[in-house]
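Participant: Here is my input, please return the structure:
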Amino acid sequence: MNPTELRRAFRDVRLAHVGTLLPDGAPHVVPLWFVWLEDALFVTCRVGSRVLANVQRDGRVAVEIQRGQMWTEHTGLVIHGHAESLPQDDSGTKRALSAWFEKYRAELSGFGFAAYTEQVAQPAVVRVTIDRVAGWNHAYRPGH
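Facilitator: Here you go, the predicted model:
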């Protein structure tokens, strides 16, 4: 699949597992909300979070996105790339947050938004520039 097809196939998935590097080089993996726009993948986290500190120190990341419940439905990908935190006033931040709010509108409607803003007083946007993508599809069976 080309990048446009991958983006379409996984754009409605709710969580991405984002792997960053701790100061000692160990992996740190957390589930985060994301949007995949034409130019990059954007994930959100909290200002002051371990994810943001890791990205600001070392931008190498791996992001895993998957879908499906049964074995023959499992499909997913791992994105390897470089992450950078974006300033709040950056045009990329505004564009990503607009798409992010649209994607997660149902989760944030009503009391969800109040709970979110209580827990995430200062959201941060991280842009992941994609270097390479590896994927799997358990529904694919050659010769069938």
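
Participant: Which helix or strand lies directly C-terminal to the longest helix along the chain?
Facilitator: The residue-count maximum for a helix in the chain (DSSP state H) belongs to helix 91-103. If you walk from helix 91-103 toward the C-terminus, the next helix or strand you reach (DSSP states H and E) is helix 105-108.

Participant: Measure how far that following helix is from the centre of its chain, please.
Facilitator: 17 Å (C-alpha atoms, centre = their mean, to the nearest Å).

Participant: any idea of the mean pLDDT in it?
Facilitator: Helix 105-108 shows a mean pLDDT of 81.

Participant: Quick one, grab the pLDDT at residue 101.
Facilitator: The model's pLDDT for residue 101 equals 88.

Participant: Please report how far it lies from residue 133.
Facilitator: 26 Å (C-beta to C-beta, to the nearest Å). In this view, the C-beta of every residue, glycine as well, is placed from N, C-alpha and C.

Participant: The two: which has the busier surroundings?
Facilitator: Ranked by neighbour count (other C-beta atoms under 10 Å), residue 101 and residue 133 place residue 133 first, with 15 against 12.
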